[in-house]
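Colleague: A predicted structure for the sequence below; I have some questions about it.
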Amino acid sequence: DTGVSQDPRHKITKRGQNVTFRCDPISEHNRLYWYRQTLGQGPEFLTYFQNEAQLEKSRLLSDRFSAERPKGSFSTLEIQRTEQGDSAMYLCASSRGLVGGSYEQYFGPGTRLTVT
Amino acid sequence: SQQGEEDPQALSIQEGENATMNCSYKTSINNLQWYRQNSGRGLVHLILIRSNEREKHSGRLRVTLDTSKKSSSLLITASRAADTASYFCAPIEYGQNFVFGPGTRLSVLP
């Protein structure tokens, strides 16, 4: 068990470009979450997967954001046409869990996105 | 989903002192979790307390839960510089996802 890993750790991009982040969860965890965090704030929920099914998306998540989890393993989060307001830390977390249950989450180190 | 509100927003103490931070929430919960975030280790789960539990201990951490007052507290005893971090509570309704508040920023001074 090597924990949750995220790649890249840092990404600088120009406004209007597309970016994609990857998250590898703890192998036996069937749930995977994405959060966004800005300075001085707590993590803001974006979306989550139970195995390969995307079960919930935040209303705050615009249509420029899309996430996938093919085969229920790793996940990718893509942001299209980035805006300066997208600059933030993007956190991934995983947990075990049955649908409806609530378990402790294990977080990755995050990907820091800077949009110039 | 509901957000926990941590209080105080910031806390400074001397090494060796105890630190207490509080969390309030609005509706019934299945469990409540506390997390810590510092620059070195990212966001880490500290403790989970279920709605039918009143107190839980883990090392130097003590968490209480009062469901009648819809509040929880986290006590860190004999604080160390390494406890300097932001602390978040997450009140979890059954089947709902996490909503983190702004957290309590704890500074432990040597």
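Modeller: Yep, it's here. Keep in mind the model is a prediction, meaning the values are calculated, not measured. Numbers count the residues shown, from 1 in each chain, chains lettered A, B, ... in the order given.

Colleague: mind checking how far the nearest residue to B:M21 once chain neighbours are set aside is from A:G3?
Modeller: Among residues not flanking B:M21 along the chain, B:T104 sits closest, at 4.2 Å (C-beta to C-beta, 6 or more residues apart in numbering or on different chains). C-beta here means a position set from N, CA and C on the backbone, and glycine is covered the same way. Remark: distance between B:T104 and A:G3 (C-beta to C-beta, to the nearest Å) = 25 Å.

Colleague: and the two? Which one has more around it.
Modeller: Looking at B:T104 and A:G3 with other C-beta atoms under 10 Å in any protein chain shown, you find the greater number of neighbours at B:T104, namely 22 against 13.

Colleague: residues touching the more buried one, list them.
Modeller: Neighbouring residues of B:T104 by C-beta atoms under 8 Å, 6 or more residues apart in numbering or on different chains: B:6-11, B:21, B:86-88.

Colleague: what strands line up against the helix or strand of chain B with the lowest mean pLDDT, and which way round?
Modeller: In chain B, no helix or strand scores lower on mean pLDDT, DSSP states H and E than strand B:5-7, which sits at a mean of 89. Applying DSSP bridges, strand B:5-7 is found paired with strand B:19-24 (antiparallel).

Colleague: so which bits of the strand it pairs with are buried?
Modeller: B:19, B:21-24 (16 or more other C-beta atoms under 10 Å in any protein chain shown).
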